[in-house]
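A.B. asks: Quick one, fold the following:
(2 chains)
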Amino acid sequence: MAKKYLVTSALPYINNIPHLGNFIPLLRSDIYTRILKLQGENVLYICATDESGTRTEIEAEKKQMNEEQYCKIMHKKIKDILDWFNIEVDYFGRTSSESNHELTKEIFLDLHKQGYICEKEIALLYCPNCKRYLPDSYVEGTCPFCKQPGAKGDQCDSCSKFINPEELIDPKCKLCGEKPLIKKDRHLFLDLPKFSAKLQKYIEENKNFRGIEKNLPLAWIKDGLEPRCISRNLKWGVKIPLDGYEDKVFYVWFDAPIGYIAATKDYCDKNNLNYKDYWQNKDTDIIHFMGKDNVPFHTIIWPAELMSNKKWNLPSRIYSNEFLNYEKGKFSKSNNHGVFCDDVLKLKYNSDTWRFYLSSVLPEGKDSDFEWHEFMEKINNELIANYANFAYRIISIAKRFGQITALDETGLTKEEKEIAEKIKENIDNYFSQNIKGNLKESLRNALNIGSLGNQYFQKNKPWELIKDESKKTEANHVLWFSFCILLNTSVLLHPFIPTKTKESIKQIDLEFNPNNALKSKIPLMIKKNIVLTEAKPLFAKIQDDDIKELKKRF
RNA sequence: AGCGAGGUAGAGCAGUUUGGAGUGCUCGUUGGGCUCAUAACCCAAAGGUCGUAAGUUCGAGUCUUACCCUCGCUACCA
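C.D. replies: As a prediction, the model looks like this:
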C-alpha cells in the first residue's frame, strides 16, 4: 500500500476560546498538511475538541446547561474559528463522540487485560457543599511557607513552592468558599514503569525525534516513571468499564489522544474508508503537532496507551512549538491581555493577513512575541512589498500590453535558466524544511522566489519594452516568464495564505489544483495564453494609526 | 529546588552534529542611483564582548566546567 500521512493538532480545550498562542499548532499542522498535499501526498488532517475534565462540568453548571448542550455550543464556536482561519481539517471531531467512548474503553480493557493498570487508594479533596471532588488547583488557602493568602492547592503563586494540599492553612473551595474535606478513594493508574524499557527503545530508535521531543521523555524515563492516575470522580466523560468504578470517568489525558483515532474513525465511516488503514497500517506516518507543554503526554502516556496492543501505529513525528507571547507578556483573558481568536474575527484584517504574520513569527526554536508594530511591518514590507506588489505590477504592465502568448522553456535565456534553477533549489528546500518542522524557513523559501521575480522584472524593464513596437516579442517573453515566477510564488505561498494566492492565480485565469500542483516537474511553466481577469490589489496596507489603536485596545 | 529547551548586530533567524578569520539570510536604519507598482531593484554604509567566566586547543559561536537570564515540565490544570 502507498505511503500515507495522518496529521493531528493538539485538541483545543472546549472551555477556552483559543488565543493566538493556542492557535499556533493548528496553523502549523494546517500549513504542513497543505505542503504535503502540494507534493501529491496522501494526507489526512484530523482534529477534535477535548471536552472532558472538571472544568467542563463547572462551566456547564455556571451556564445552567447540561454538559452536552454546553459542549455543543462551544464546539461550534471553535469550529467557526477554524473555518474563518481556513484551517482545512478533514474532520473536526469531539472527544464526547460515541466512537471515542468505544475506543477508549477498548484500549483501556486491552491495557487492563495485560496488567498495565493498577489500583491505589489516594486522598482527595472533597467539597461537601458543591458535592464535588476538587483538583488541587481548585483549592485556595494560605501558604504554609510564606504565609501569603491566595496559594493554590498545588503551588503557591507568591513563593512558588510546591504545596501538599493537606498542609494548606485555612483551605477553601475556590467555587463556593467552603472548607474542603479529605476523602480517600480507590483509583486506577496506568502503570507507566512497566513501559519504561519499551518507551526508551521507541524514542531512542526514532530518528525523527530531536530536541525536547527526545530529551524530555528520556529524562523522565531515566528519573523513573511513576504510575499515572487515569480515573476521576466526575460524571461527564468516558465511563470506566470495570466493576466498582461505575461512579468514575477517565482522566482527560487518557481519552483525549484516543480522540485522534476516534475522529479518524468517524471521518472514515462517512467516507467509505477504514480507519485501521491509517492507525494499524505500517505505511502510515502518524504526525502530531502541539505546544511544548504537551510533550510529556504525547511522548510517554500516549505511546504507552498505544502499546496496549501491537497493532496500533506509534507516532512517527512529533512537532512541538514554543509559546507565542503577546507584547512581551503572557496571553490572559482575565487580565485582558492579548488577542484571542474570537477578537480576530471582528477586526478588519482578513484571515490570510493573520496567517501570514503568524507564519512569519512561528515560535519554532524559542518563544516569540506577537507585536502589533511587527505585524504591520511584516504585512507591509514583506507580504505586500514582495508578493502582492509583484503581482500587481506585472498585471498593470500586462494590461497595457494585451494578451500574452505562452512560450515553452526551450526558449529560455541563460538568465532565465539560472532563475529556474534557483526556483527549483528553493522548492526543494521548501519541502525539506517543512518535513523538519521549520515552516518559517519554508515560508522564507517561497518569498525568496518572489524576490527573484522582482529582480528579474526590474532588470528586464518590460514597461519600456511594451512602448516599442519592434520589441513586442521580447516584451511578451519577459511578461510570460514573470508570470511564471509569480505562479510558482503563489503556489508555494498557498499553504500559508490559501485565499489570496488562489485569487492571484485566478486573476491570470489559470487552473490550480492544491492537491498535486508541485507533484510533477518544477518549476511550473505557464503553458496557455494568459488572459487577465479583473485584477485588484491582493492586500491593503496596514496603517500606523490603526496599529496604535489596536495596541491600546488589547 | 530538579529535569528539559533556548540565549548569535535594532528585530527575527541560520550556522553548533564533524572546531578553521564574526560567515550567511529576512526586515529595519543611513547615503546615493532608478521609477511600471501598494514601489521594487541596484550600489554603498553603519550596526556584534556569539549570555558571563574559566578551561581544552596552533585555533572555540561550535568541545568541557561553573554561573546568570528566559520559557516549559515536575505526574490531580489541561
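A.B. asks: Quick one: name the residues of the stretch 1-150 of chain A near RNA strand B.
C.D. replies: Within the stretch 1-150 of chain A, the positions near RNA strand B by CB under 7 Å from any atom of the strand are A:13, A:50, A:52-55, A:122, A:124, A:133, A:135-137. C-betas here are computed from N, CA, C, even on glycine.
A.B. asks: ok, now the stretch 351-500 of chain A?
C.D. replies: A:361, A:363-369, A:374, A:377, A:380-382, A:384-386, A:388-390, A:392-393, A:396-397, A:440-441, A:444, A:447-448, A:451, A:454-455, A:457-459, A:463.
A.B. asks: Mark which of these are part of helices, please.
C.D. replies: Using DSSP state H, the members of these that fall in helices are A:374, A:377, A:389-390, A:392-393, A:396-397, A:440-441, A:444, A:447-448, A:451, A:454-455, A:457-459, A:463.
A.B. asks: Filter the residues of the stretch 351-500 of chain A next to RNA strand B down to the buried ones.
C.D. replies: With burial judged by 16 or more other CB atoms under 10 Å, the buried subset of these is A:361, A:363-364, A:368, A:374, A:380, A:382, A:384, A:386, A:388-390, A:392-393, A:397, A:440-441, A:444, A:447-448, A:451, A:454, A:457.
A.B. asks: Which residues of the stretch 201-350 of chain A lie near RNA strand B?
C.D. replies: A:211-212, A:215-216, A:219-220, A:223-226, A:228-229, A:232, A:251-253, A:256, A:292-294, A:296-297, A:300, A:322-323, A:330.
A.B. asks: So how do I select the buried members of those in ChimeraX?
C.D. replies: What follows is the ChimeraX syntax for the buried subset of these, where burial is set by 16+ other CB under 10 Å:
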select /A:212,216,220,225,228,232,251,252,253,256,292,294,296,297,300,322,323
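A.B. asks: In helices, which of the residues of the stretch 201-350 of chain A next to RNA strand B appear?
C.D. replies: Reading helices off those with DSSP H, I get A:212, A:215-216, A:219-220, A:223, A:252-253, A:296.
A.B. asks: farthest pair in the residues you listed?
C.D. replies: A:Asn215 and A:Val252 (25.3 Å; CB to CB).
A.B. asks: I'd like the next helix or strand past the helix or strand of chain A with the lowest mean pLDDT.
C.D. replies: When each helix and strand of chain A is scored by mean pLDDT, DSSP states H and E, strand A:151-152 comes last, with a mean of 82. Per DSSP states H and E, strand A:151-152 leads on to strand A:169-173 as the next helix or strand towards the C-terminus.
A.B. asks: Could I get the buried residue list for that next one?
C.D. replies: Of all the residues in strand A:169-173, those buried under the rule 16+ other CB under 10 Å are A:171-173.
A.B. asks: what helix or strand is A:Val7 on?
C.D. replies: Per DSSP H and E: strand A:4-9 holds A:Val7.
A.B. asks: just the angle between the next helix or strand after that strand and strand A:4-9, please?
C.D. replies: Following strand A:4-9 in sequence order, the next helix or strand is helix A:20-38 (DSSP H and E). Put simply, helix A:20-38 runs at 170 degrees to strand A:4-9, going by axes from the mean of the first three to the mean of the last three CA atoms, to 10 degrees.
A.B. asks: Packing partners of the next helix or strand after helix A:20-38?
C.D. replies: Per DSSP H and E, the first helix or strand lying C-terminal to helix A:20-38 is strand A:42-49. Applying 3 or more CB pairs under 8 Å, 6 or more residues apart in numbering; DSSP states H and E, one finds that strand A:42-49 makes contact with strand A:4-9, helix A:20-38, helix A:67-84, strand A:91-94, helix A:258-270.
A.B. asks: can you redo these as JSON lines with mean pLDDT and mean neighbour count?
C.D. replies: Output for the helices and strands packed on strand A:42-49, formatted as JSON lines (pLDDT from 0 to 100; neighbours: other CB atoms under 10 Å):
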{"stretch": "strand A:4-9", "mean pLDDT": "97", "mean neighbour count": "24"}
{"stretch": "helix A:20-38", "mean pLDDT": "96", "mean neighbour count": "24"}
{"stretch": "helix A:67-84", "mean pLDDT": "97", "mean neighbour count": "17"}
{"stretch": "strand A:91-94", "mean pLDDT": "98", "mean neighbour count": "22"}
{"stretch": "helix A:258-270", "mean pLDDT": "98", "mean neighbour count": "23"}
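A.B. asks: So which bits of stretch A:167-186 are buried?
C.D. replies: Residues A:168, A:171-175, A:180 are the ones in stretch A:167-186 that count as buried (16+ other CB under 10 Å).
A.B. asks: Next up, phi/psi of A:Phe189, please.
C.D. replies: Phi and psi for A:Phe189, reported as degrees, to the nearest 10, are phi -130, psi 140.
A.B. asks: typo on my end, A:Leu345
C.D. replies: phi -60, psi -20.
A.B. asks: these two touch, right, it and A:Asp83?
C.D. replies: No: using CB atoms under 8 Å as the test, A:Leu345 is too far from A:Asp83 to be in contact (10.1 Å).
A.B. asks: residue contacts, A:Ser158?
C.D. replies: With contacts defined as CB atoms under 8 Å, 6 or more residues apart in numbering, A:Ser158 is in contact with A:143, A:146, A:148, A:150-151.
A.B. asks: got a winner among these for most neighbours?
C.D. replies: Highest neighbour count within the contacts of A:Ser158: A:Ala151, with 27 neighbours (other CB atoms under 10 Å).
A.B. asks: RNA strand B versus that residue, what's the distance?
C.D. replies: According to CB to the nearest atom of the strand, to the nearest Å, A:Ala151 stands 13 Å off from RNA strand B.
A.B. asks: beta partners of that residue?
C.D. replies: A:Gly141 (DSSP bridges).
A.B. asks: Nice, that's everything, thank you.
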